[in-house]
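In: sequence and predicted structure, then a few things I'm wondering about:
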Amino acid sequence: MTVKITWDEASARRLERQFLTAPAKTGTPVAEVIGAMLGAHAQVLSAAEVSAGVRADGVTRADVRAALWEHRSLVKTYGPRGTVHLLPASELPFWTTALAAIPTGSGPFAPNVRLTEEQAEEVVAAIGDALDGTYLTIDELSEEVVARTGPWAGDLVMPAFQTMWPRWRQVMHRAGQRGALCFGPNRGRKVTYTRPARFEPLAEDAALSTLVRRYLRAYGPATAANFAKWLAAPRGWAGELFASSAAAGEIQEVGFEGGPAWVVAGDTDFPAEPVRGLRLLPYFDAYAIAAQPRETLFPGPAYERALAGGQAGNYPVLLVDGVVAGVWHQRRQGRRTTVTVEPLGRLTAARERELAVRVERVGEVLEAKAELVIGKVTAGAHA
């Protein structure tokens with residue numbers, strides 16, 4: 001008989017495993033918290049800092065930055081979906097192999113702009129060699145890549161932000177996903193890049209198996225289509241991967257939300273009580289992006305207000321009892337930050353008090369004094 005899982009059960013376990021039911025205890029390594037999320041989206045570093053801080057007692061943005069730039073237990077690099085993420089450095093052996101195994105198309109560039117596969121591999125190798133043991137700005141890295149490959153790599157053919165970038169930059173994300181590049185600390189206002197510490201990549205089959213099981217432990221029950229959407233991977237490829245994992249006895253089918261879904265084999269214990277309480281999640285928080293089905297996580301008016309064309313992450317969200325029930329925005333001025341929260345329904349006095357505590361915690365993470373304002377959020381998506 002197929003085990004049947006309810007939304008309440010799935011939501012309660014996901015939040016628990018994300019350290020969102022109860023935060024990680026003081027002293028828990030930041031990398032462990034980030035690992036439980038399967039990476040923190042870090043295009044805007046302050047959002048990643050809040051993602052980590054609301055999941056761990058006492059953690060502030062200074063702790064996240066120390067893990068990145070001093071202890072090197074975190075790496076800022078190109079992760080799932082080719083977007084900038086914080087990932088535990090210890091997990092790069094499986095991440096780099098798994099991400100490199102995802103099939104990709106020809107990309108958005110015109111044929112005369114694209115790199116051939118041979119050129120792309122040559123550029124990735126050049127990036128890794130140039131960054132080994134040093135920190136370079138993008139202009140410095142460009143000079144080194146062109147010197148190691150050829151003038152063709154430096155052709156200004158990529159339209160970008162009202163200018164043109166050199167041809168080689170179309171595979172920067174691939175270099176990050178291969179472990180040849182990661183971000184370094186800023187040099188003044190300039191971003192720098194370096195190469196992560198050397199490591200031995202995991203074999204492809206083992207890396208993909210690890211990724212499937214880690215994803216299902218964090219966000220299951222889920223379908224292969226959910227997994228493909230989270231990774232920005234082809235559905236057919238994801239379906240074959242899940243079928244292979246099922247045939248190997250690594251995952252098992254369960255009933256969820258009226259259809260079949262998957263969990264790690266034997267991982268069928270779920271909390272008996274539904275989630276209660278309020279939580280604030282920042283831009284592109286891993287939970288808001290990965291938890292499915294999205295229509296259930298963003299019910300009713302939340303689907304219109306807190307998503308951008310069905311895409312999650314563009315608005316920081318207020319969770320109430322495990323589902324999105326509002327949006328919020330913070331505006332910092334010096335050592336103070338104003339956090340405006342727009343609930344999509346009425347909050348009781350008790351919940352307003354709980355919200356004030358959550359807002360205070362956001363301020364602590366950002367090392368600022370936070371002021372709560374309940375009202376309309378006028379900032380647009382990803383503002």
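Out: Looks like it arrived, so ask away.
In: and stretch 83-101, how far out from the chain middle?
Out: 11 Å (Cα atoms, centre = their mean, to the nearest Å).
In: buried residues of it, list them for me.
Out: 83-89, 91-101 (16 or more other Cβ atoms under 10 Å). The way it works is simple: take the backbone N, C-alpha and C, and place the C-beta from them, glycine included.
In: okay, how far is it across that stretch, tip to tip?
Out: 16 Å (Cα to Cα, to the nearest Å).
In: give me the contact list for the helix or strand harbouring residue 48.
Out: When elements are assigned from DSSP states H and E, residue 48 belongs to helix 45-53. Contact with helix 45-53 is made by 30, 33-34, 37, 40-42, 59-61, 63-65, 76, 85-86, 281-286, 316, 361-362, 364-366, as judged by Cβ atoms under 8 Å, 6 or more residues apart in numbering.
In: so after the helix or strand of the chain with the lowest mean pLDDT, what's the next helix or strand?
Out: Counting by mean pLDDT, DSSP states H and E, the weakest-scoring helix or strand in the chain turns out to be strand 156-160, with a mean of 89. Downstream of strand 156-160, the first helix or strand assigned by DSSP H and E is strand 163-166.
In: for the next helix-or-strand element following that next one, name the packing helices and strands.
Out: Following strand 163-166 in sequence order, the next helix or strand is helix 172-177 (DSSP H and E). For helix 172-177, the elements it packs on are strand 74-78, helix 92-101, helix 117-131, judged by 3 or more Cβ pairs under 8 Å, 6 or more residues apart in numbering; DSSP states H and E.
In: how about those, which one is nearest residue 333?
Out: strand 74-78 (26.4 Å; Cβ to Cβ).
In: what packs against that closest one?
Out: Strand 74-78 packs on helix 30-37, helix 61-69, strand 84-88, helix 172-177, strand 182-187, going by 3+ Cβ pairs under 8 Å, 6+ apart.
In: quick check: angle from that strand to helix 45-53?
Out: 130 degrees (axes from the mean of the first three to the mean of the last three Cα atoms, to 10 degrees).
In: how far does the helix holding residue 48 sit from its chain's centre?
Out: On Cα atoms, centre = their mean, the centre of helix 45-53 falls 11 Å from that of its chain.
In: same thing with stretch 309-321?
Out: 14 Å.
In: what about it, how long is it end to end?
Out: For stretch 309-321, the first and last residues are 24 Å from each other (Cα to Cα).
In: buried set for that stretch?
Out: Those would be 312, 313, 314, 315, 316, 317, 318, 319, 320, for stretch 309-321 by 16+ other Cβ under 10 Å.
In: distance to residue 272 and secondary structure added to these, as TSV?
Out: As requested, the buried residues of stretch 309-321 are exported to TSV (distance: Cβ to Cβ, whole Å; DSSP: H, G, I helix; E, B strand; the rest coil):
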residue	distance to residue 272	secondary structure
312	28	coil
313	31	coil
314	34	coil
315	32	coil
316	30	coil
317	26	strand
318	25	strand
319	20	strand
320	20	strand
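In: from those, which two are the most distant?
Out: 314 and 320 (19.4 Å).
In: what helix or strand is the residue nearest to residue 277 when sequence neighbours are not counted on?
Out: Leaving aside its chain neighbours, residue 277 sits nearest to residue 354 (6.4 Å; criterion: Cβ to Cβ, 6 or more residues apart in numbering). Under the criterion DSSP H and E, the helix or strand holding residue 354 is helix 349-365.
In: now residue 109
Out: Going by DSSP H and E, residue 109 is not in any helix or strand.
In: quick check: mean pLDDT across the helix holding residue 48?
Out: Mean per-residue pLDDT for helix 45-53: 97.
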